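Q: Need coordinates for the below:
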Amino acid sequence: MQKIIKLTIVVFVTILCIANVSYSANKEILLKTTSTWDNAKYKKLKIKNPEVTVLKITINVNEELPMHKHDLVNIAYVKKGILTVVTDDNKEITLHEGEVLPELVGKYHYGKNTGNEPVELVVFYIGEIGTPLSVNK
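A: Here you go, the predicted structure:
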């Protein structure tokens, strides 16, 4: 009986030690928003068949993407470089390495590299299966 009590105590202490292990991983919220960068609120999302796509996009020095729009929610993380986004009514935002952009939905815009090194973006898209990621004007 004493062996069972000692074993129970050892197991209990071991569980307590494991439960109190601290982890060195850190987390930092990069973006938490209810709107795009131009303050347009996200509308109620009705996605019956959701599809998530993640792209790595590289924009070379002095390169400009074509005017386009997105009909789904997407978020761009600037991994490297300086990106300027311009709307068709000339609103602008400039982002640097480590910044996050809640992209425009349904509004035409384009991105351009305004730095002196390639821009590397990681872009996360969520929408209905089969929705194009972008539509050129």
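Q: would you list every one of the helices in the chain?
A: 2-19 (DSSP state H).
Q: Extract the residue ranges of it that are flagged as low pLDDT.
A: Scanning the chain with the threshold set as pLDDT under 70 gives 1-23.
Q: Skipping adjacent residues, who's closest to Lys137 in space?
A: Met67 (4.2 Å; C-beta to C-beta, 6 or more residues apart in numbering). C-beta: built from backbone N, CA, C; applies to glycine.
Q: who's in contact with the one you found?
A: Counting by C-beta atoms under 8 Å, 6 or more residues apart in numbering, Met67 touches Asp88, Tyr108, His109, Tyr110, Asn136, Lys137.
Q: Show me which of these are buried.
A: Burial by neighbour count, judged by 16 or more other C-beta atoms under 10 Å, picks out Tyr108, His109, Tyr110 from the contacts of Met67.
Q: how close does the first one sit to Thr87?
A: What that stands for is Tyr108. Remark: distance between Tyr108 and Thr87 (C-beta to C-beta, to the nearest Å) = 7 Å.
Q: got the contact list for the one residue sitting closest to the centre of the chain?
A: Centroid-nearest residue in the chain: Ile75, 4.4 Å away (criterion: C-alpha atoms, centre = their mean). Ile75 is in contact with Leu31, Val100, Leu101, Pro102, Glu103, Val123, Phe124, counting by C-beta under 8 Å, 6+ apart.
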